[in-house]
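Colleague: Return a 3D structure for these sequence lines:
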Amino acid sequence: MNYLLFFGLAAGGSLVSLASATSPLPRPSAEVTADQPAAAPDTYAWLTHAYRPDASLASRFAPPAGCQRVSAAAGSFGHWLRYLPLRPKGTAVRLHNGQLKQPQSVHAAVLDIDTGTRDLQQCADAVMRLRAEYLFGQNFRRIHFHLTSGYDAWFGDWVDGQGFRLAGETVEASKRPAEAPTHTALRRYLDQVFTFAGTLSLSRELRPVPLAEAQPGDVFIKGGAPGHAVIILDVAQHPASGARYALLAQSYMPAQDMHVLRNTTEPQLGAWFRLTAPDGIFATPEWDFEATQLKRW
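Modeller: Here you go, the predicted structure:
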């Protein structure tokens, strides 16, 4: 199979890359219970304006009534996701070319993070972007992703002068100018990764986790063509019943703003999704996943 065609078919990458159902529906609580954000200057390095805790995911979305957010250690991926910055209420989701996403009815908020002008940052790519941005603020040499060919692309190698390129039907290392590990360099590296990775490669890189153990940072993912990926941004639990709920985010095809999903099946929950899988299916507005398709870094 032609290599570029193979990656182009890996839907969910980029177009060029390959509680019980009968329990009451709690409404969001009026009070947000969460850890304090760690808003160091480099925490969300892509921002071109000051970080505002009052515009964060945790501030915008209170847990369902009677629920509490699960603990997330300061400095963890889950804690970082919990305080992601959001654009103002009512912001529309736009595609990479500025056009409006259709439909506009599946999102509850838009993450305040750039999409880029190319059709690259689709569903799995958005998940990889968030993971890379988190690691960039921790230790940039931990950033790496496996491409669909199996090649392990490290950002540390990239800035040290070793890139990667298409060679026939595989990807191989190639020399490139060394550079400082800046955020601009990270974005160039990620665009290259997005070209040669997708849901298939990411699903292979992650390990399965039971739905009952879902935590912030876990990913619902179906690898292949077609495929899709949705990331869990936060989890809340009712201390008495044990019912658990999640906030979810996605990008989609074509590349578009990352957005917090709206629960269109149980609108009383707002943006929270019950972490159950009737008949083995976990439904989101634009994709139904099997319960076994939850995975973790």
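Colleague: Can you get me the start-to-end distance on stretch 213-233?
Modeller: Start-to-end span of stretch 213-233 (C-alpha to C-alpha, to the nearest Å) is 14 Å.
Colleague: Buried residues of it, list them for me.
Modeller: Neighbour counts over stretch 213-233 (16 or more other C-beta atoms under 10 Å) mark 214-223, 225, 227-233 as buried. The C-beta positions use only the backbone N, C-alpha and C, and glycine is treated the same way.
Colleague: so how far is that stretch from its chain's centroid?
Modeller: 8 Å (C-alpha atoms, centre = their mean, to the nearest Å).
Colleague: separation between Val106 and Arg187?
Modeller: Separation of Val106 from Arg187 (C-beta to C-beta, to the nearest Å) stands at 27 Å.
Colleague: Could you check which of these two has the larger neighbour count?
Modeller: Per other C-beta atoms under 10 Å, whichever of Val106 and Arg187 has more neighbours is Val106, with 19 against 16.
Colleague: these two touch, right, that one and Thr265?
Modeller: No - with contact defined as C-beta atoms under 8 Å, Val106 and Thr265 do not form a contacting pair (11.2 Å).
Colleague: Check the average confidence over the strand ranked longest in the chain, would you?
Modeller: Ranked by residue count under DSSP state E, the longest strand found in the chain is strand 228-237. Strand 228-237 carries an average pLDDT of 98.
Colleague: in its sheet, what does the helix or strand following that strand sit against?
Modeller: For strand 228-237, the succeeding helix or strand toward the C-terminus, using DSSP states H and E, is strand 244-250. According to DSSP bridges, strand 244-250 forms sheet pairs with strand 228-237 (antiparallel), strand 259-261 (antiparallel), strand 272-274 (antiparallel).
Colleague: possible to save the ones you listed as JSON lines with distance to Gln192?
Modeller: Listed next are those as JSON lines, based on distance: least, C-beta to C-beta, whole Å:
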{"stretch": "strand 228-237", "distance to Gln192": "19"}
{"stretch": "strand 259-261", "distance to Gln192": "25"}
{"stretch": "strand 272-274", "distance to Gln192": "33"}
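Colleague: what's the distance between the residue nearest the centre of the chain and Glu169?
Modeller: Centroid-nearest residue in the chain: Val127, 3.2 Å away (criterion: C-alpha atoms, centre = their mean). As judged by C-beta to C-beta, Val127 and Glu169 stand 26 Å apart.
Colleague: what separates the closest residue to Trp287 other than its chain neighbours from Ala74, distance-wise?
Modeller: Among residues not flanking Trp287 along the chain, His228 sits closest, at 4.3 Å (C-beta to C-beta, 6 or more residues apart in numbering). Remark: distance between His228 and Ala74 (C-beta to C-beta) = 31 Å.
Colleague: now the helices for the protein?
Modeller: In the chain, the helices defined using DSSP state H lie at 3-8, 57-60, 77-82, 123-136, 155-160, 183-196, 199-205.
Colleague: Pick the most deeply packed of those helices.
Modeller: The highest mean neighbour count among these, using mean count of other C-beta atoms under 10 Å, belongs to helix 123-136: a mean of 25.
Colleague: starting at the chain centroid, how far to that helix?
Modeller: 6 Å.
Colleague: and the angle from that helix to helix 183-196?
Modeller: Comparing the axes of helix 123-136 and helix 183-196 via axes from the mean of the first three to the mean of the last three C-alpha atoms, to 10 degrees yields an angle of 150 degrees.
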